[in-house]
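Enquirer: following is a predicted model, sequence given first.
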Amino acid sequence: MKTLGQLAIGAAAKVVEVTGVDDVAIRLMEMGLVPGTAVRLVGQAPLGDPLELELRGYRLSVRRTEADRIAVTSP
């Protein structure tokens, strides 16, 4: 299974799960990254971190380490 951090720019996916039970995982889910949510990788900074995502009608930037905790599948 792929993670959000492995997607190519412009690729769309659906969130399967957010791994972990710490504050970061909870915060990611509070920002809308819950199972079943459609997400698209819009871009990334020149050095590859952070990543810009589009989901639920807004854009969100996350660190690559955070994106690697989000398992995704094809939409």
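Expert: Here it is on my side, so go on.

Enquirer: can you confirm residue 66 is in a helix?
Expert: Yes. Secondary structure of residue 66 (DSSP: H, G, I helix; E, B strand; the rest coil): part of a helix.

Enquirer: I'd say it and residue 29 touch.
Expert: No. Applying Cβ atoms under 8 Å, one finds residue 66 not in contact with residue 29, separated by 11.6 Å. All C-beta spots, glycine's among them, are computed from the backbone N, C-alpha and C.

Enquirer: higher neighbour count, the two?
Expert: Taking other Cβ atoms under 10 Å, residue 66 and residue 29 do not tie; residue 66 has more neighbours (21 against 16).

Enquirer: nearest residue to residue 6 in space, please, no chain neighbours.
Expert: Spatial nearest neighbour of residue 6, chain neighbours left out: residue 68 (7.8 Å); criterion: Cβ to Cβ, 6 or more residues apart in numbering.

Enquirer: partner residues bridging residue 72?
Expert: residue 2, residue 15 (DSSP bridges).
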